[in-house]
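[1] the sequence isn't on hand, but the structure is:
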DNA sequence: CAGGTTTGATATGGCGGAAGTATCAAGCAC
DNA sequence: GTGCTTGATACTTCCGCCATATCAAACCTG
């Protein structure tokens, strides 16, 4: 019989293309894995692995086809188990929500609060991660909903919906020469020292700022990287440089900082909700409810 | 471990709400089924069945939730198995088929139609390309099957098989002086104005014609290039010149055109199917099926 | 209420599958 | 060649599943 265990083993072998490493990942030894794969092939009546002389070369076409469907089967089996446990525990569901760090300064916190209030029995798991990591997790079924920074190459069956439509603005020390101006263009900052948060933490936002400067014809001279938006603003306050931040940061008022809007249309800073097309349909009604609530709030303004 | 067998058993029990009948349906006896269900519940850590005093009353909420997802899991597992088998049998998959432009005027279209009808679940991707480009793509694994013009230097492990055995013929305006002749030699055309399709579109065919003329001792005087075989024939029809075309074009009868066979053996215009030797074996059964169908039809005449 | 029927639970033995250890065989690197 | 890598094979052990046999409780029937 072809059971989930064999599928799991096959997926490991197919991914590692190496019996020994696959066995290690499965926490077993190599010989039974070899035997299991031969047996799986025998049960299917179809070769899945292409064996060169004493070395795995790759998957056959059938192997490729089986790999994808087996992954889906394992994911679905997990859904079944979770569904039973969640229901028994009185939970109506679970939403694993990923978000890029910069989303915390927009309307995401309010949305989270609203969802928790509307569905107190749904587990909302929060995970900060980059856009790329979230998309990967979504495809693996490790995430239900992601708050990501577009553009997103829709490799797999991802569904996107607008979530937040923030803009970027410029944060300056109050006594900065440019602080008097009404509206600034990004180009005005060409010679200013920049404070930016590091590439590793919030890659999408980092790129957004760099791209905005590139459009204005210069490369920002970064004098300081700061972890976290509040650290960035603290450095701006002490006059270390200027920063480009989400406009929603203006809610954090501080005497020594002034915010100036950015004229360029390129200063738009939208966020999208991404879900796996198949996931929102069947396997997670709770996730669908989250997306719906977020979209509804979006239409209703804030 | 929770495997597919237990899910299958649970579905049977949940549907029958009766251990004996469920066991009968599963082709097993009742006692192990009872044990299996207890074990399933223990593994999940959740009761699924509501037991009245010595009688199954129904499912718990968790049981209901699990039932649906378990059914889906079983369905998906079946999809995985079928996908592997169908792919191996060539019923499912993808064939990337390259062809030289002139192949479109032979039996390729009919072959494509027959294959699509025979294997509706196989993606047949069509790409027009020169012989050289196809051979390169085949070696890179970017193409599964190519319809090419021989001769082909079998650099790598390419497998060739005869596909089409057309001949070239001469197309003349009906009132052309040579139209009365029975069979013509290419040399008879030495002083005629030629209509040819351009080098860029159908390089192999272009060369074939030029070579044929060179064998007959002259260089064709090309008065007009026309994109596409039908454009060529239209120009022939209005008396702009003569053309050498695949004999299969004779199926496009037109009052103002006559076709004449060419005596020379060099007027053969064969096409071959090329596949990567290793590919036809394992990595693409669908491609192998295409080749087989093409070869079978070839043997069967038509 | 007695006795049989229905329905599920329990006990035990056999069989098969899966994992482990040990070992082998073939290719590859130095 | 020597040693390493990588997969295949042999054999043993152990665990889980299934079947038969049996039990226990509830239900039905006269």
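    Perfect, I can see it now. Just so you know, these numbers come straight off a predicted model, no measurement behind them.

[2] please parse chain A into its domains.
    Dividing chain A into domains by automatic domain parsing, as the record does, gives the ranges A:4-86, A:92-302.

[3] what segments of the stretch 51-200 of chain A are strands?
    Along the stretch 51-200 of chain A, the segments classed as strands by DSSP state E, counting those that start in this stretch run A:55-59, A:93-99, A:122-128, A:145-148, A:158-173, A:193-196.

[4] got the residues of the stretch 1-150 of chain A near DNA strand C?
    Applying CB under 7 Å from any atom of the strand, one finds that the stretch 1-150 of chain A approaches DNA strand C through A:3, A:5-6, A:9, A:27-29, A:31-33, A:35-36, A:39, A:53-55. No exception for glycine: its C-beta is placed from N, CA and C like everyone else's.

[5] 10 Å - rerun?
    For the stretch 1-150 of chain A, the residues in contact with DNA strand C (CB under 10 Å from any atom of the strand) are A:1-3, A:5-6, A:8-9, A:23, A:26-40, A:43, A:52-55.

[6] pull the longest helix from chain A.
    Longest helix in chain A by number of residues (criterion: DSSP state H): helix A:61-88.

[7] who are the packing partners of it?
    In terms of contacts (3 or more CB pairs under 8 Å, 6 or more residues apart in numbering or on different chains; DSSP states H and E), helix A:61-88 is packed against helix A:4-16, strand A:93-99, helix B:4-16, helix B:30-44, helix B:61-88, helix B:285-299.

[8] okay, the ones you listed in TSV with mean neighbour count and mean pLDDT next?
    Compiled in TSV, those are given as follows (neighbours: other CB atoms under 10 Å in any protein chain shown; pLDDT from 0 to 100):
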stretch	mean neighbour count	mean pLDDT
helix A:4-16	20	92
strand A:93-99	22	86
helix B:4-16	20	92
helix B:30-44	15	91
helix B:61-88	21	92
helix B:285-299	19	82
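
[9] contacting residues for residue A:250?
    By CB atoms under 8 Å, 6 or more residues apart in numbering or on different chains, residue A:250 lies in contact with A:169, A:259.

[10] circling back to that earlier point, tell me which of the helices and strands packed on helix A:61-88 sits nearest to residue A:212.
    Comparison of those against residue A:212 by CB to CB identifies strand A:93-99 as nearest, at 21.4 Å.

[11] now what about that closest one, what contacts it?
    Strand A:93-99 is contacted by residues A:82, A:86, A:108, A:112, A:115, A:119, A:121-129, A:133-134, A:137-138, A:142-148, A:284-287, A:289-290 when judged by CB under 8 Å, 6+ apart.

[12] return the most buried member of the strands of the stretch 51-200 of chain A.
    The highest average neighbour count among those, using mean count of other CB atoms under 10 Å in any protein chain shown, belongs to strand A:145-148 at a mean of 27.

[13] starting at the chain centroid, how far to it?
    5 Å (CA atoms, centre = their mean, to the nearest Å).

[14] who touches that strand?
    Contacts with strand A:145-148, where a contact means CB under 8 Å, 6+ apart, come from A:95-100, A:103, A:108, A:129, A:131, A:134-135, A:137-138, A:163-164, A:204, A:271-275, A:287, A:290-291.

[15] what does stretch A:228-238 give?
    For stretch A:228-238, the external contacting residues (CB under 8 Å, 6+ apart) are A:102, A:104-105, A:171-173, A:195-197, A:224, A:226, A:241-243, A:245-246, A:249, A:252, A:254, A:256-257.

[16] name the residues of it that come out as buried.
    For stretch A:228-238, the buried set under the neighbour-count rule, 16 or more other CB atoms under 10 Å in any protein chain shown, comprises A:229, A:232, A:233, A:234, A:235, A:236, A:237.

[17] so for stretch A:252-271, what gets flagged as buried?
    A:257, A:258, A:259, A:260, A:262, A:267, A:269, A:271.

[18] for residue B:181, find the nearest of the helices and strands packed on helix A:61-88.
    Ranking the helices and strands packed on helix A:61-88 by distance to residue B:181, with CB to CB as the measure, places helix B:285-299 first at 31.8 Å.

[19] for the closest one, name the packing helices and strands.
    In terms of contact count using 3+ CB pairs under 8 Å, 6+ apart, helix B:285-299 is assigned the packing partners helix A:61-88, helix B:61-88, strand B:93-99, helix B:108-118, strand B:122-128, strand B:145-148, strand B:158-173, strand B:268-276.

[20] and the angle from that helix to helix B:108-118?
    Angle of helix B:285-299 versus helix B:108-118, following axes from the mean of the first three to the mean of the last three CA atoms, to 10 degrees, is 130 degrees.

[21] give me the contact list for helix B:285-299.
    Helix B:285-299 is touched from outside by A:61-62, B:87-95, B:97, B:107, B:110-111, B:114-115, B:118-119, B:122, B:124, B:144-145, B:161-164, B:273, B:275, B:279-281, with contacts defined as CB under 8 Å, 6+ apart.

[22] flag the shaky bits of the stretch 201-302 of chain A, pLDDT-wise.
    Applying pLDDT under 70 to the stretch 201-302 of chain A flags the ranges A:201-203, A:278-284, A:297-302.

[23] which parts of it are strands?
    Counting by DSSP E, counting those that start in this stretch, residue ranges of the strands within the stretch 201-302 of chain A are A:221-225, A:243-246, A:257-261, A:268-276.

[24] touching chain B at all, stretch A:265-276?
    No - residues of stretch A:265-276 are not located near chain B by CB under 8 Å from any CB of the partner chain, the shortest gap being 14.8 Å.

[25] re earlier: figure out which of the helices and strands packed on helix A:61-88 is closest to DNA strand D.
    In terms of CB to the nearest atom of the strand, the element of the helices and strands packed on helix A:61-88 nearest to DNA strand D is helix B:30-44, at 3.5 Å.

[26] what sits up against the closest one?
    Judged by CB under 8 Å, 6+ apart, the contacts made with helix B:30-44 from elsewhere in the structure are A:81, A:84-85, B:1-2, B:5-6, B:9-10, B:13, B:19-20, B:22-23, B:26, B:47-49, B:62, B:66.

[27] what sits against the most centrally placed residue in chain A?
    A centroid search over chain A (CA atoms, centre = their mean) returns residue A:134, at 2.6 Å, as the residue closest to the centre. For residue A:134, the contacting residues are A:98, A:99, A:100, A:143, A:146, A:147, A:148, A:274, taking CB under 8 Å, 6+ apart as the criterion.

[28] of these, which is the nearest to chain B?
    Sorting the contacts of residue A:134 by how near they are to chain B, with CB to the nearest CB, puts residue A:143 at the top with 18.8 Å.

[29] ok, that closest one - how many residues close by?
    By the other CB atoms under 10 Å in any protein chain shown criterion, the neighbourhood of residue A:143 contains 25 residues.

[30] the buried residues of stretch A:252-271: which two are farthest apart?
    Taking every pair in those and measuring CB to CB, the maximum separation is 25.1 Å, between A:258 and A:271.
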